[in-house]
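# I would like the atomic coordinates for the input below:
(one chain, ligands or ions: 1)
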Amino acid sequence: MKYLKCFGLALLALALAIPATAGRRAIIPVETEHTALILAVRNNRVLETLHFGARIADPKAFEGFVTGLSEDNGSGPMAYPTTGGRYIGEPALHVKYPDGYHNTELVYDSHQVQVNGNIVTTKILLKDPVTRLQVGLIYDAYQKEDVICAHAEIRNVGAGPVQLLNYASGSLYLEADRYYLTHFHGGWADEMQMDGELLTHDTKVIESRRGTQVTQCNNPSFLVSLNADRLQENVGEVVAGALAWSGNFRLSFEMDESNRLNVLAGINSFASTYELDHGQIFATPEFIYTYSDRGAGQASRNLHAWARNYGVYGGGQVNPTLLNSWEGAYFNFTTETLLRMIDDAAGMGLEMFVLDDGWFAKDYPRNGDDAGLGDWEVNTAKLPEGIDYVASYAHGKGLKFGIWIEPEMVNPQSNLAHTHPEWVVQSPGRETYQSRNQWVLDLSNPAVQDFVFGIFDNTMKLSGNIDYIKWDCNRVVSNFGSTYLGSEQDRFFVEYTQGIYNVMRRLREKYPDTIVQCCSSGGGRVDYGALKYFNEIWTSDNTDAFTRAYIQYATNLIYPACVMASHVSAVPNHQTGNVTPLKFRFDMACSGRLGMELQPRNLTERERALADRCIRSYKEYRDLVFTGDVYRLASPYEGDYYALMYVSQDRRRAVVYTYCLKYQNRAVGAHPFRLDGLDPARRYRVTELNVDRSCWWGSGYEHAGDFLMNGGFNPVLLKTFDSAVFYLESD
Ligand code: GLA
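Next up is the predicted model:
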């Protein structure tokens, strides 16, 4: 903090003097405990990025730094590249002015640094001298977590309206010989599949244009390994980042002819030219990034620590174990069915019952997915005693109670579709296509936002005993359009997402303590924009423990375990048909927020006993899942095993999960896993959980941390779906 100390603790505005010496720069370091983004004002007053990576003791050393780049070939690594001047790459900002011209050349005006405990905020004001457009670049540097959150505020102080054709949140220049990009793709019940490639010259784009359910194809997050041909867990330089936006997004990775990589992250400007009137400001969402020189593992731990402390609503708080009614009952239930499920959940030691889809709509009852969305009144033909009766019953049994809503949607078969056809996303003269028999409501319309707020609010009023809402969103946008926006259809996608945030902001003011799950046919809305308001995500509709290994491994590269809802379901699995042992299903679900999603009556007595045991032990160590640091020991993408562990912040306690995904032949003995994150000098008592006979010879004994971290830990896991969970504790 040497350089920053000169600013003192209060807010300080500095007018930076541009040094007269030709070639010398004024340095603006954005630093965390171990990393630095070095920004520099050149004597032409252009703001450039000179370094992002390890922290450098004296950032002023960059004052005389020469890039050696010839300007004949384009401009240097601008901190926020714009269309205009000598810049010929992908722009962060592209503006069309009222006179039809497209050029913007931002120069440094002033900056301020504000220290607020762990967060150091640097605000840099850039201006275009010709059009007077202003851009504020804001960097929040989270010192302990080594995370920077960057966003831009674009202000039109010129005479007429301007059109923002591109408006990214930030640009990050990286410099290496090779860049290996890891990103995440997938589909329904197959989210967050790891993908990767060695980048070549030109631009790689990861984006979504789906409007809603935006992350069911790609996720707005990435890891770039520097000077490596693959993502490595414990070694090498890795830059990981994510965009906090629940709408259309675009990440681009442009390797230019000088071999630099420019990473841009922002709202996807697809069909979304944004008009900014005189005096208006557009604030972009945050681009969150971190640097690690200890591989992907440290990058994840940085992001997770930031997420738990700042990025996730209620982050780090332990959320209850639960039984969800969906896969156990689907639409077929009566009050009696629910009460018996509550009895069973209470009997197994679970802590909440969640009533999923199917409880609402009278005229068009929700007995299948073809009717009722929009009509959020209790279906008293199905549940004559009402919701309060069921919720109070749950509370009487010592359980919390949660309920499902899908407030952004409407079935054509509903009263809402008849009373407010103008609220449906539509385009005049074109078919309003159905998907899962439903239409999307137009959240860009404030009246619809009020209605959606009301759905949540009125549902909460059904009973004083509602503790949890599962917020679903089950389709993408097609033939986009808004009757409310009239001729300004370009605003639709951006204002839809802002509309959700408006609603969630209001709901959080009124319901700060309600646990809210973000579901979108599973993991269709998994991003740090949503997580500002939601406590957890429904990681995937795929509840098959085997496939979950891949989904959860990849999700957890970016998002912390505390948000990952993971449920034990029946076999054969309803999505994949796989049959896995109950123990394997529990061991997988216990590495996130544990739940069950089946009809407990169908469990045998032996299975019930195992369930009780797994739930009991989980509740004893689960603070590690919610607040511990993750260490990944084996990747399902790379071998036959998946293994990970969570370690307490004081390194005295840990839980280790090991899973065998493929049969090992008879010659293969015990498999060594190198535990990680422990204190080498400490002795840990290691106990395998939920078994009478352990698969590791060392279970039940004390072992030194260095022994466990150097191959001493070698459980015997030979059959497909063998799994084991170990608890470690030291005095
Ligand atoms: C989506 C969700 C499921 C379930 C159903 C109900 O598919 O992802 O968990 O809530 O809707 O219709």
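
# all helices for the stretch 551-700 of the chain, in order.
582-589, 605-621, 623-627 (DSSP state H, counting those that start in this stretch).

# just so I know, which of those lies nearest Ser75?
helix 623-627 (45.0 Å; CB to CB). All C-beta spots, glycine's among them, are computed from the backbone N, C-alpha and C.

# what packs against the closest one?
Helices and strands touching helix 623-627, by 3 or more CB pairs under 8 Å, 6 or more residues apart in numbering; DSSP states H and E, are strand 641-647, strand 653-660.

# now those as CSV including mean pLDDT, distance to Thr321 and mean neighbour count?
What follows is those, written out as CSV (pLDDT from 0 to 100; distance: least, CB to CB, whole Å; neighbours: other CB atoms under 10 Å):
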stretch, mean pLDDT, distance to Thr321, mean neighbour count
strand 641-647, 98, 16, 24
strand 653-660, 98, 15, 24
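
# how about the ones you listed in JSON lines, adding distance to Ala283?
Converted to JSON lines, the helices and strands packed on helix 623-627 look like this (distance: least, CB to CB, whole Å):
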{"stretch": "strand 641-647", "distance to Ala283": "35"}
{"stretch": "strand 653-660", "distance to Ala283": "40"}
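
# can you add distance to the ligand and give those back as JSON lines?
Below are the helices and strands packed on helix 623-627 laid out as JSON lines (distance: least, CB to the nearest ligand atom, whole Å):
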{"stretch": "strand 641-647", "distance to the ligand": "24"}
{"stretch": "strand 653-660", "distance to the ligand": "24"}
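
# quick revisit: which one of the helices of the stretch 551-700 of the chain lies closest to Thr687?
helix 605-621 (9.5 Å).

# picking up where we left off before, tell me which of the helices of the stretch 551-700 of the chain is the most buried.
Ranked by mean neighbour count under mean count of other CB atoms under 10 Å, these are led by helix 582-589, which reaches a mean of 24.

# that one vs strand 653-660, what angle?
130 degrees (axes from the mean of the first three to the mean of the last three CA atoms, to 10 degrees).

# which residues are in contact with helix 582-589?
For helix 582-589, contacts defined as CB atoms under 8 Å, 6 or more residues apart in numbering pick out 545-546, 548-549, 552, 566-569, 571, 594-596, 607, 610-611, 614, 657, 659, 690, 721-725.

# got any ranges where this protein has weak pLDDT?
1-23 (pLDDT under 70).

# per-domain residue ranges of it.
9-311, 322-626, 632-729 (automatic domain parsing).

# the longest strand in the chain is where?
Counting residues, the longest strand found in the chain (DSSP state E) is strand 162-175.

# which strands or helices does that one pack on?
strand 47-54, strand 93-96, strand 147-155, strand 237-243, strand 260-267, strand 274-276, strand 287-292.

# and the fifth one with strand 47-54, angle?
So that's strand 260-267. Going by the same axes, to 10 degrees, strand 260-267 makes 100 degrees with strand 47-54.

# what do you get for the longest one?
Inter-element angle recorded for strand 147-155 and strand 47-54: 170 degrees (by the same axes, to 10 degrees).

# now do the contacts for the residue of the stretch 201-350 of the chain found nearest the ligand.
Closest residue of the stretch 201-350 of the chain to the ligand, CB to the nearest ligand atom: Trp326 (4.7 Å). With contacts defined as CB under 8 Å, 6+ apart, Trp326 is in contact with 356-357, 404, 597.
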